[in-house]
Structure formats: structure tokens, C-alpha cells
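*Asks:* What follows is a predicted structure for the sequence shown.
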Amino acid sequence: MPTVVIASPKGGAGKSTTAILLGTELAQAGAEVVLIDCDPNGSLGLWAGRGRIPDRIRVLSDIGESVIVRTIRANDQDGRIVIVDLEGVASRLVSRAISQADLVITPMRATTLDATVGIRALALIAEEEEALDRRIRHSVVFTMTRAIRSKQHTGIAESLAGQGVDVIEPSLMERSAFSALFEFGGNLRDMPAQGNMDAAIENAAQFAQAVYRRLIGE
Ligand SMILES: Nc1ncnc2c1ncn2[C@@H]1O[C@H](COP(=O)(O)OP(=O)(O)OP(=O)(O)O)[C@@H](O)[C@H]1O
Ligand SMILES: [Mg+2]
């Protein structure tokens, strides 16, 4: 079953948050999920150590470049969904993870600087496509967005559309519940209320569904 790789060379773009929201919402919906933490800073490990790891989720930490390919292949079976969280760099580990992906998601804040650096992920994917002679599906998701869209956001979205880049809707809004995942661990449903929980859960669930539709080829 599918491997989703969360990749952006931009630090702090929301990669680890996206990985956790996607993993916990897919598990909530009934999927078996394996979260692979490839970031030496160990954000997923930190989340996993904070609270009870939700049902149907396994977390594998400290996965480096020498074992990433076999770790993905060993877990990418029996209907499980593998989600790989990477460090905000371009490296051999990142390239190897991308080489195994069915879908690469690049989280991106809707600012000019973040989009300019984040979009470099496309070049990394193109290199892997050339080396492997296969297409690798790729999507962008805007993160930490506000209820009122900025002009910058609209301009960046238009520019990506013009380049034929797939943008996942809904974007992941800026929500205190999302940053609180690193405080409480677990999923949004088990967490003490942080702001508008219903809206946060709805946003995360719809995002996960939009990703799932891509995984099943819709
Ligand atoms: N949608 C969101 N709403 C609120 N806070 C968010 C959201 N997404 C990310 N954050 C916060 O922004 C910071 C960076 O997010 P995160 O760690 O997910 O980014 P990253 O791309 O994984 O960073 P790194 O490159 O360091 O691995 C964290 O403090 C996180 O809690
Ligand atoms: Mg991270």
C-alpha cells in the first residue's frame, strides 16, 4: 500500500505537523499507519513520547539513509499507509525516501519566501523521476493559513496552478490545536480543548480525506 513522503527543504514549513495530522486522521478513519521519523531532531518521536499513541499507529524513529529504503519496503505492506517525515534539507536521505514515494506532499506557508524555498522540492522529485524513469505524484498543501486569504497566498496559489502543481484543499489552517499536538501527543480528539476543536478536527479530517483520494487514484 502507499507511501506518503512529507518533504520540503524549508525548515518550519509544517512537515511534522502535517505528518502527524495525516497519520492520526487516517488511523481515526480506520487505516493502519506507520509513521517513520527520519528527522534527526525527532519531532515525531517527541510527539509519540508525549501521550498515548493512537490505535492503528506505529512510530519508527531514528531511521537514517542506510536503512530508509528497506524500512519503507518492509512496512509498505498489508494495506498499511506509510508516512515519512523528513528534515528540512536536501540530502541523500531525502532523495532515497522520495524514490520510494507514491505521493510526495510539500507543506508550504503561503509567503513568498517559503514558496520560493519550498518549491525546490520539485527539483528533487524531478531528479528522482529521471533516475528511476517513473512519475512520482506530488502535491503542495498550504499550512498555517488564515481564515482571510492574503494577497500573497492568492498570488502563490495562482503561480503554482500556472505551473501545473497540484494544491491540496483544504489547506491546514493556523490552529492552536495543531501546535498543541507536540504538547499533549495523541490525536486531536483526545486532547484537552484548544480553541475551536470542532473546526480543527474538521479541517484535519478533510485534509486527510483529500490525501486519501489521491492515494486511491481519484
Ligand atoms: N497549522 C498549524 N497551526 C499552528 N501551528 C502550526 C501549524 N503547523 C505548524 N505549526 C507550528 O509551527 C512550527 C513548525 O512546524 P513543524 O515542526 O511541523 O514544521 P517542520 O517543517 O516539520 O519543521 P522542521 O523543518 O524543523 O522539521 C511548530 O511549532 C508547529 O507547532
Ligand atoms: Mg519537522
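*Replies:* Yep, that arrived. Ligands and ions are numbered 1, 2, ... in the order given.
*Asks:* what residues does the chain put near ligand 2?
*Replies:* Residues of the chain lying near ligand 2 by C-beta under 5 Å from the ion: 15-16, 43. Any C-beta I mention is one placed from the backbone N, CA and C, and that applies to glycine too.
*Asks:* Could you rerun that using 8 Å?
*Replies:* By C-beta under 8 Å from the ion, the part of the chain that sits against ligand 2 consists of 11-12, 15-17, 19, 39, 41, 43-44, 85-88.
*Asks:* Mind checking which of those residues are in helices?
*Replies:* Of the positions in those, 15-17, 19, 43-44 sit in helices, assigned by DSSP state H.
*Asks:* Mind checking if the longest helix that the chain contains is in reach of ligand 1?
*Replies:* Counting by DSSP H, the longest helix found in the chain is helix 197-215. No: judged by C-beta under 6 Å from any ligand atom, helix 197-215 and ligand 1 are separated, with a smallest distance of 8.5 Å.
*Asks:* Show me what that helix is packed up against.
*Replies:* Secondary structure elements in contact with helix 197-215, counted by 3 or more C-beta pairs under 8 Å, 6 or more residues apart in numbering; DSSP states H and E, are helix 15-28, strand 103-109, strand 137-145, strand 172-173, helix 176-179.
*Asks:* do that again at 6 Å, thanks
*Replies:* On a contact count with 3 or more C-beta pairs under 6 Å, 6 or more residues apart in numbering; DSSP states H and E, helix 197-215 meets helix 15-28.
*Asks:* Outside of the helix it packs on itself, list whatever touches it.
*Replies:* For helix 15-28, the external contacting residues (C-beta atoms under 6 Å, 6 or more residues apart in numbering) are 6, 8, 33, 35, 43, 47, 54, 56-57, 81, 83, 85, 107, 178, 181, 187, 204-205, 208, 211.
*Asks:* near ligand 1, which residues of the chain show up?
*Replies:* For the chain, the residues in contact with ligand 1 (C-beta under 6 Å from any ligand atom) are 11-17, 39, 43, 87-88, 143-144, 172, 174-175, 178-179, 182.
*Asks:* redo that, cut-off 5 Å
*Replies:* Neighbours of ligand 1 within the chain, by C-beta under 5 Å from any ligand atom: 11-17, 88, 143-144, 172, 174-175, 178-179.
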